[in-house]
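> model the following, please.
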Amino acid sequence: EAEAERLVSLGATRLERHEPAPPLESGHIIMADPEGNEFCLD
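This is a model prediction of the structure:
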């Protein structure tokens with residue numbers, strides 16, 4: 001979450017967060033850079 005907030009302060013956009021069903025342990029955040037290119041933050 002802290003890294004997502006840092007990236008938002010640099011111009012990225014937070015799009016959504018995915019939480020997996022068990023047995024997976026952690027989800028990921030889908031973000032977009034200022035040009036609209038999407039990337040995942042684990």
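> residue nearest the centroid of this structure?
With distances taken as Cα atoms, centre = their mean, residue 29 lies nearest the centre of the chain, 2.6 Å away.
> hang on, isn't it packed against residue 12?
No - taking contacts as Cβ atoms under 8 Å, residue 29 lies outside contact range of residue 12: 10.0 Å. Any C-beta I mention is one placed from the backbone N, CA and C, and that applies to glycine too.
> quick check: neighbours shared by those two?
Counting by Cβ atoms under 8 Å, 6 or more residues apart in numbering, the common neighbours of residue 29 and residue 12 are residue 4.
> residue 2: what's it in contact with?
Residue 2 is in contact with no residue at all, counting by Cβ under 8 Å, 6+ apart.
> which of the helices or strands spans the residue nearest to the centre of the chain?
Assigned by DSSP states H and E, residue 29 belongs to strand 28-32.
> and the contacts of that strand?
Residues from elsewhere that reach strand 28-32, judged by Cβ under 8 Å, 6+ apart: 4, 7, 12-18, 38-42.
> show me which residues of it are buried.
Across strand 28-32, burial judged by 16 or more other Cβ atoms under 10 Å covers 29, 31.
> stretch 22-40 too?
29, 31.
> over to stretch 3-20?
Buried-residue list, stretch 3-20, by 16+ other Cβ under 10 Å: 7, 12.
> residues in contact with stretch 9-26?
Stretch 9-26 has contacts (Cβ under 8 Å, 6+ apart) with 4, 8, 27-34, 38, 42.
> using JSON lines, lay out the residues you listed together with pLDDT.
Formatted as JSON lines, the contacts of stretch 9-26 follow (pLDDT from 0 to 100):
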{"residue": "4", "pLDDT": "95"}
{"residue": "8", "pLDDT": "98"}
{"residue": "27", "pLDDT": "90"}
{"residue": "28", "pLDDT": "94"}
{"residue": "29", "pLDDT": "96"}
{"residue": "30", "pLDDT": "97"}
{"residue": "31", "pLDDT": "98"}
{"residue": "32", "pLDDT": "98"}
{"residue": "33", "pLDDT": "97"}
{"residue": "34", "pLDDT": "96"}
{"residue": "38", "pLDDT": "98"}
{"residue": "42", "pLDDT": "86"}
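> that's all I had, so thanks and see you.
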